[in-house]
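the following block contains a protein sequence and its predicted model.
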Amino acid sequence: MKSLEAAVTIQHFNRYKPLLSELVVRDLKIKYRRSFLGYIWSLLNPLLMMTIMSLVFSYMFRFKIQNYPLYLICGQTLWSFFNESTNMAMTSVIYNGALIRKVYIPKYIFPVSRVLSSFVTMSFSLVAILIVMLLTRVPLTWNLLLFPIPLALLLLFCMGVGMVLSALAVYFRDMLHLYSVLVMAWMYLTPIFYPVSALPEWVAFLIRFNPMYHYVTFFREVVLYGIFPTAIHWVGCFGFSALSLTVGVLVFRKLQRNFILFV
């Protein structure tokens, strides 16, 4: 029975893939509309932010981290994708309320398309990471080939979070304000600017329950340090992605029935 339901779901998804692609392209066009540099900002923005933050945290706070610019831009790129994709997904159903009331469209298409468009934007930022790697002469190892894994798993994690947020925001508009506070606290609990070794032992232990810690650390281990990620990060990345996507699908399917009454 479950296999039949899964097959129907896959068939249903394939039917609407062209629409999903159109929504992703639309989001990208809107984001860079009337921008002189356009997609180049996806490359310049992480480089400029890395430069500023490297000056602040390297000289003012003096964190002793090997190749701090690359350390920073790796964490910053993944966090920016998570922050942007989940915020865009949260408002996706609300902003497409008029379309939902007119025609039948699978409603999960909207948060998924927002997350995918943010993922495309982040893919341009990977060029900035490559530039920093070349400038700082980071040794290239075979482990670097693993870099798509944390990105793909983070994509699934963001889809799950995005579906939950988009469903809750339809009924509770306060989520739009509450999440901005939550995501700021979440950012400071993620070792983006600082090393975990700078934290008290009990705080460092708690951070291991932070999903973003595992995605960021996995990515840094293969890109910055050129090492094979430890088992805890493999389990953390796969586990949180599976949990997030499962919860996201279940919550969205349960709450979407009455969307049309609230959008």
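Received it, and whenever you're ready, just let me know what you need.

tell me the pLDDT of Ala128.
pLDDT recorded at Ala128 is 84.

does it touch Ile73 like I think?
Yes: counting by C-beta atoms under 8 Å, Ala128 does reach Ile73; the two are 6.5 Å apart. All C-beta spots, glycine's among them, are computed from the backbone N, C-alpha and C.

and these two? Which one has more around it.
Of the pair Ala128 and Ile73, Ile73 is the one with more neighbours under other C-beta atoms under 10 Å, namely 26 against 21.

residues of the longest helix seen in the chain that come out buried?
Among all segments of the chain classified by DSSP state H, the helix with the greatest residue count is helix 109-135. Within helix 109-135, the residues that qualify as buried by neighbour count (16 or more other C-beta atoms under 10 Å) are 109-119, 121-122, 125-126, 128-129, 132-133.

run through the chain and note the low-pLDDT ranges.
Residues of the chain meeting the criterion pLDDT under 70: 1-14, 16, 28-63, 263.

break down it into its helices, ranges please.
According to DSSP H, the helices that the chain contains are 2-15, 17-31, 41-55, 68-90, 92-95, 97-102, 109-135, 148-171, 175-188, 201-207, 211-223, 231-255.

gap between Leu178 and Val196?
When distance is defined by C-beta to C-beta, to the nearest Å, Leu178 is 27 Å away from Val196.

next one: Cys158
The span separating Cys158 from Val196 equals 23 Å under the rule C-beta to C-beta.

residues contacting the spatially most central residue of the chain?
The centre of the chain sits closest to Phe82, judged by C-alpha atoms, centre = their mean, with a distance of 2.6 Å. If a contact means C-beta atoms under 8 Å, 6 or more residues apart in numbering, then Phe82 has 154, 157-158, 212 as its contacts.

next: Leu224.
When the contact criterion is C-beta under 8 Å, 6+ apart, the partners of Leu224 are 66-67, 70-71, 74, 138.

for the residues you listed, which one is nearest Phe259?
Phe259 has its nearest neighbour among those in Cys74, at 37.3 Å by C-beta to C-beta.

just to check, that closest one is in contact with Arg220?
Yes: with contacts counted by C-beta under 8 Å, Cys74 reaches Arg220, the gap being 5.0 Å.

how many residues are close by the residue nearest to Leu243 when sequence neighbours are not counted?
Sequence neighbours aside, Gly160 is the residue nearest to Leu243 in space, at 7.6 Å (criterion: C-beta to C-beta, 6 or more residues apart in numbering). Gly160 has 26 neighbouring residues, counting by other C-beta under 10 Å.

give me the neighbour count for Ala231.
Residues lying near Ala231 (other C-beta under 10 Å) number 8.

check the gap between it and Ala204 for me.
As defined by C-beta to C-beta, Ala231 lies at a distance of 18 Å from Ala204.

how about the contacts made by Leu20?
109, 112-113, 116.

give me that answer again for 7 Å
Leu20 is in contact with 109, 112-113, counting by C-beta atoms under 7 Å, 6 or more residues apart in numbering.

please apply the same query to Val24.
Taking C-beta under 7 Å, 6+ apart as the contact definition, Val24 lies against 113, 116-117, 120.
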